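Participant: Kindly return the folded structure for what I paste below:
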Amino acid sequence: MKELFLALIAGMLVGILFKFLKLPLPAPPVFSAVVGVFGVYFGGVVAEYLRAFFS
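Facilitator: From the prediction side, this is the model:
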């Protein structure tokens, strides 16, 4: 859980820094893209679980 909070804080600091420097955000601009990234990660987790389950 600590990992999640540190990642959130780091992401927020990067977002704030980029806005102050008037740079485009280094992240997908649409929420559906963020969900897609989560889907890729979750798919990898499921694949590892299935590999362990059937091995």
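
Participant: Grab the longest helix from this structure for me.
Facilitator: helix 31-54 (DSSP state H).

Participant: Using CSV, list the CA coordinates for that one.
Facilitator: Extracted C-alpha coordinates of helix 31-54, given in CSV (Å, rounded to 0.1, in the frame of the first residue of the first chain):
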residue,chain,number,x,y,z
PHE,A,31,-9.2,8.6,-18.8
SER,A,32,-9.9,5.7,-21.1
ALA,A,33,-6.2,5.5,-22.0
VAL,A,34,-5.4,5.2,-18.3
VAL,A,35,-7.9,2.4,-18.0
GLY,A,36,-6.2,0.7,-21.0
VAL,A,37,-2.9,0.9,-19.2
PHE,A,38,-4.4,-0.7,-16.2
GLY,A,39,-5.9,-3.4,-18.4
VAL,A,40,-2.5,-4.3,-19.8
TYR,A,41,-1.1,-4.6,-16.3
PHE,A,42,-4.0,-6.6,-15.0
GLY,A,43,-3.8,-8.9,-18.0
GLY,A,44,-0.2,-9.6,-17.2
VAL,A,45,-1.1,-10.4,-13.6
VAL,A,46,-3.9,-12.7,-14.7
ALA,A,47,-1.6,-14.5,-17.1
GLU,A,48,0.9,-15.1,-14.3
TYR,A,49,-1.8,-16.4,-12.0
LEU,A,50,-3.1,-18.8,-14.7
ARG,A,51,0.4,-20.0,-15.5
ALA,A,52,1.0,-20.8,-11.9
PHE,A,53,-2.4,-22.4,-11.5
PHE,A,54,-2.0,-24.7,-14.5
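
Participant: For that helix, which outside residues touch it?
Facilitator: Applying CB atoms under 8 Å, 6 or more residues apart in numbering, the contact partners of helix 31-54 are 27, 28. Placement of C-beta: from N, CA and C, glycine included.

Participant: Repeat the analysis, applying 10 Å as the threshold.
Facilitator: 27, 28, 30 (CB atoms under 10 Å, 6 or more residues apart in numbering).

Participant: And the pLDDT at the last one?
Facilitator: So that's residue 30. pLDDT, residue 30: 81.
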